[in-house]
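Visitor: starting from these lines, generate the structure:
(one chain, ligands or ions: 1)
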Amino acid sequence: MKIICIGRNFTEHIQELKNQITGNPIIFLKPETSLIIGRLPFFLPDFSQEIHHEIELVIRICKNGKRIEERFAHKYFDAITVGIDFTARDIQNQQKEGGLPWEIAKAFDGSAAIGEFIPLSKQEEEHIKFSLLVNGELRQNGNSSQMIYSFSKIISYVSVYFTLKTGDLIFTGTPAGVRPVKRNDYLEGYIGEKRLLTLKIK
Ligand code: MG
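Guide: Numbering: from 1, shown residues only. Got it, this is the predicted structure:
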C-alpha cells in the first residue's frame with residue numbers, strides 16, 4: 001500500500017507559501033509507517049520546531065490500474081475522507097532552499113492522519129466541502145471545486161508513473177490557512193457536516 005500526495009493544488013495556499021503554480025501536479029510519497037492508525041494522537045517530533053497541519057481530501061483506490069485515462073478515472077476510487085498531511089515546515093523550507101527532496105519534512109512517522117472513509121459517487125466529486133477545526137475554531141476550509149487538478153486528472157497523471165493498487169491513498173492538496181500545531185491542540189476534520197477525523201496533538 002502506498003500514499004501518494006499532491007502539492008500546490010489550491011491557488012490561495014500556493015500564494016500563502018509564496019510558491020509558483022506548476023504545469024503539472026507536484027507529487028510526493030509517504031510510506032505506510034506515516035499513517036496514524038486508530039485513535040492514536042499525533043506526537044510532535046523532536047526534530048522540528050514548526051509542524052503545520054494541512055487538511056486534505058483523501059481518496060481511496062478501489063481497482064488496480066496504470067496509465068488510466070481521465071475519462072475512466074472515476075472508476076478507480078470509491079471512498080473519500082479527510083486527512084492531515086503533517087509537514088515539518090522548517091525542514092521543508094531548508095530542503096527547498098537546497099533544492100533537496102522533501103521526504104524528511106513530509107513522510108516521517110505519524111505524518112499522515114486519516115479519518116473514517118465514506119462512499120463517494122461521481123456526481124458529488126466536484127463540489128465537496130471540507131474543513132478543519134482546531135480547538136473548536138475554523139482554521140481551514142476548502143471545496144473540491146477549487147482544486148487546480150481534479151481527482152480524475154490526478155489519477156490519470158499519477159498513474160503514468162506509478163501503478164495504482166487497491167487500497168492506495170491519495171492526499172489531494174490543502175487549501176489556505178496552514179499553521180503550526182502545538183501540544184494539546186484538538187483537531188477535527190469534516191466533510192460537509194460529517195465529522196470524520198478527530199486528533200489530539202501530544
Ligand atoms: Mg499537503
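
Visitor: list the residues that contact the most far-flung residue of the chain relative to its centre.
Guide: Within the chain, Gly98 marks the point farthest from the mean C-alpha position, 24.0 Å out by C-alpha atoms, centre = their mean. For Gly98, the contact set (C-beta atoms under 8 Å, 6 or more residues apart in numbering) is empty. The way it works is simple: take the backbone N, C-alpha and C, and place the C-beta from them, glycine included.

Visitor: in the chain, spot the strand with the most residues.
Guide: strand 77-85 (DSSP state E).

Visitor: show me the contact partners of the helix or strand just after it.
Guide: Later in the chain than strand 77-85, the nearest helix or strand by DSSP states H and E is strand 87-88. Contact partners of strand 87-88, identified using C-beta under 8 Å, 6+ apart, comprise 45, 47-48, 50-52, 54, 104-106, 108, 111, 178.

Visitor: tell me which helix or strand comes right after strand 87-88.
Guide: Per DSSP H and E, strand 87-88 leads on to helix 89-97 as the next helix or strand towards the C-terminus.

Visitor: count the residues that sit near the closest residue to Ile128 other than its chain neighbours.
Guide: If the residues on either side of it in the chain are set aside, Ile128 comes closest to Ser144, at 4.2 Å by C-beta to C-beta, 6 or more residues apart in numbering. Using other C-beta atoms under 10 Å, Ser144 has 21 neighbouring residues.

Visitor: same thing with Arg183?
Guide: Using other C-beta under 10 Å, Arg183 has 9 neighbouring residues.

Visitor: please report how far it lies from the ion.
Guide: The gap separating Arg183 from the ion is 22 Å, by C-beta to the ion, to the nearest Å.
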